[in-house]
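# Sequence plus the predicted model coming up.
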Amino acid sequence: MTPITEVAGRRLALSNLDKVIHPATGTTKGEILHYYAITAEALLPHVRNRPVSFLRYPDGPDGQLFFTKNPPPGTPSWVQTTPVPRTEDSRARQVVIADLPSLVWAANLVVEFHVPQWTVDGQAIADRMVFDLDPGAPATVEECCEVALWLRDRLATDGLEAYAKTSGSKGLHILVPLAPTPSARVSAYAKELAKEGEAALPRLVLHRMNRSLRPGKVFVDHSQNAAAKTTAAPYTLRARSEPTVSAPLTWEEVEARQNLVLRLADIAPRLDRHGDLLAPLTDPDRAGRLP
């Protein structure tokens, strides 16, 4: 029988809690739900009021993976959704993770959380900018650190404050809080910075997604600033053999090339020690303006 539990006044059916999802560590679905419950205070501000896309991996990273933007069948009526016009479907809606019950409900589906750089209050009006630093072997996340530090310093010359997080995969994400700005303008600015990075660090940086050029370089993916694109949300688990997390780093850690892979068990102690290092992303007083 599927156990029923109450989360902040909502009754949820939570299934297969003993099922191993991340085989390298034996991490179960129940442990995943516990992780999201104890990190909700940090996670929710980064997804609240944003349409969420799910990468589902109910049988673990070696099973079927599928990406969905539509609310899954059986979505409870109390889970918030929002209209998100798309070219192929003007009536489309997506889930909004507004509170702890909706977070636990979604986590029970076993998902990665992906969000755009804008909120439902201003579609295609970004309130943050992202650079996805993706290393091409033999380059690794350590080479991403050098690029991240260059980006941090370059952004600072334009009065913009940058924050780093692990991607939860191979690289790093650099995030910048912005005053509301059209996504098209953010995309153009981010592309120009990626091109500047390639000119400044030609042995290391690539701004084009040309796979033949990728070996040994870090691709600075600026495209995720487009209104139609999404990025792994802060604190989401990733569909990997180990339960890696896309989680914030201090700049001291980036400089020292330390803690560049973070896992489920690492996050609670880090939140106790640092709080949410990405809290400035949700603070309007910290938002910068593009030059």
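All right, it came through fine.
# Count the neighbours of the residue nearest to residue 191 when sequence neighbours are not counted for me.
The shortest distance from residue 191 to any non-neighbouring residue, by Cβ to Cβ, 6 or more residues apart in numbering, is to residue 222 (4.8 Å). Placement of C-beta: from N, CA and C, glycine included. The burial count assigned to residue 222 is 23, neighbours taken as other Cβ atoms under 10 Å.
# Where does residue 94 sit: helix, strand or coil?
Per DSSP: H, G, I helix; E, B strand; the rest coil, the local secondary structure of residue 94 is strand.
# my bad, should have said residue 190
Reduced to three states with three-state DSSP, the structure at residue 190 is helix.
# partners of the helix or strand bottoming out on mean pLDDT in the chain in the sheet?
Ranking every helix and strand in the chain by mean pLDDT, DSSP states H and E puts strand 4-7 at the bottom, with a mean of 85. Strand partners for strand 4-7, identified by DSSP bridges, are recorded as strand 10-13 (antiparallel).
# centre of the chain versus the partner strand, how much separation?
26 Å (Cα atoms, centre = their mean, to the nearest Å).
# I'd like the next helix or strand past it.
Going down the chain from strand 10-13, the next helix or strand is strand 20-22, by DSSP states H and E.
# in that next one, what counts as buried?
Applying a neighbour-count criterion of 16 or more other Cβ atoms under 10 Å, one finds 21-22 buried in strand 20-22.
# Now the helix or strand hosting residue 101: average pLDDT?
Taking DSSP H and E as the definition, one finds residue 101 inside helix 100-107. For helix 100-107, the mean per-residue pLDDT is 97.
# show me where the stretch 101-250 of the chain has helices.
141-157, 183-200 (DSSP state H, counting those that start in this stretch).
# between those helices, which gets nearest to residue 123?
Smallest distance to residue 123 across those (Cβ to Cβ): 8.8 Å, for helix 183-200.
# from the chain's centre, how far out does that closest one sit?
For helix 183-200, the separation from the chain centroid amounts to 20 Å (computed by Cα atoms, centre = their mean).
# same question, stretch 270-288
The chain centroid and the centroid of stretch 270-288 are separated by 15 Å under Cα atoms, centre = their mean.
# CA-only coordinates of it in CSV, if you can.
This file holds the C-alpha atoms of stretch 270-288, laid out as CSV (Å, rounded to 0.1, in the frame of the first residue of the first chain):
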residue,chain,number,x,y,z
ARG,A,270,26.9,23.7,4.1
LEU,A,271,23.6,25.4,4.7
ASP,A,272,24.3,25.3,8.4
ARG,A,273,27.8,26.8,7.8
HIS,A,274,27.1,29.3,5.0
GLY,A,275,23.3,29.8,4.8
ASP,A,276,22.2,30.1,1.2
LEU,A,277,25.1,31.6,-0.7
LEU,A,278,22.7,32.4,-3.6
ALA,A,279,20.3,34.4,-1.5
PRO,A,280,21.4,37.7,-3.2
LEU,A,281,19.9,36.3,-6.4
THR,A,282,16.4,36.9,-4.9
ASP,A,283,17.2,40.2,-3.3
PRO,A,284,16.1,43.2,-5.5
ASP,A,285,18.6,45.5,-3.8
ARG,A,286,21.5,43.3,-5.1
ALA,A,287,20.2,43.4,-8.7
GLY,A,288,22.6,44.9,-11.3
